[in-house]
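# how would this look folded up:
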Amino acid sequence: MLTDKNGLTESEFLARYRPGDYPRPSVTADILLFSPDTDGYELLLIRRGGHPSLGMWALPGGFANPDETVDAAAARELLEETHVEGLTLAPIGLFSDPGRDPRGWVITHAYAALADRHTLHVCADDDADDARWFHVSLAEGVLMLTDGTETLRADLDIRMTQTPFGIRHDVGILSRNGIAFDHAKIIAVAYLKLNRHR
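Residues are numbered from 1 along each chain as shown. Prediction:
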């Protein structure tokens, strides 16, 4: 039977292990639902109905439960907040900047799907006060989201590095107007990835 440097077997080690002795993050899923339009893409955003970022526009999403994968949490949250289901959600990346969520240490995994908005019946629900499609543009570090009546803007510092595994997008938020959390960063990364395949 294998023992560690303290002479403990794995079962003895696990019996003494206390998860509460170590800080642990919460994990969320955020979903980017893009729809093609005549000159690019639209993105579905929800208006937050609760704190934090009350009244700001955000990606649909929420906390993963201990009994589900983050993939399952993404599908569940999209359904609960927008009534959209049955889409294949592709992983976009993990976002873990310290302070990205004022509630504490929260890491999110972002997912994206591409669908024709006219085939979807979107309805804001759960903790979303509203759901709207915003046209997306990104040029020279400026992210613009507009739905014809409201315009959201984020100024970003975008750096791209070619790696053997593809392009790495490092995005810093310089300013954001009406966009919750670090969602401007997540949107920029997903949009850059999506446009690479156009």
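# how far is stretch 168-178 from where the chain is centred?
Going by CA atoms, centre = their mean, to the nearest Å, the spacing between the C-alpha centre of stretch 168-178 and its chain's C-alpha centre is 13 Å.
# now stretch 5-23
34 Å.
# Residues contacting it, please?
Taking contacts as CB atoms under 8 Å, 6 or more residues apart in numbering, the residues outside stretch 5-23 that touch it are M1, L2, T3, D4, W105. Any C-beta I mention is one placed from the backbone N, CA and C, and that applies to glycine too.
# What about G49, how many residues nearby?
Taking other CB atoms under 10 Å as the criterion, the count of residues near G49 is 15.
# same thing with D4?
Close neighbours of D4, defined as other CB under 10 Å, add up to 10.
# List the contacts of T161.
Neighbouring residues of T161 by CB under 8 Å, 6+ apart: I167, R168, D170.
# and the residue nearest to the spatial centre of the chain, what element?
The centre of the chain sits closest to D30, judged by CA atoms, centre = their mean, with a distance of 3.0 Å. With the criterion set as DSSP states H and E, the secondary-structure element containing D30 is strand 26-37.
# L43 now?
With DSSP H and E as the test, L43 turns up in strand 40-48.
# quick one: low-confidence parts of the chain?
Along the chain, the parts satisfying pLDDT under 70 run over 197-198.
# need the helices for it, in chain order.
Read by DSSP state H, the chain holds these helices, from start to end of the chain: 10-16, 70-82, 183-196.
# If anything else comes up later, I'll come back, but that's it for now.
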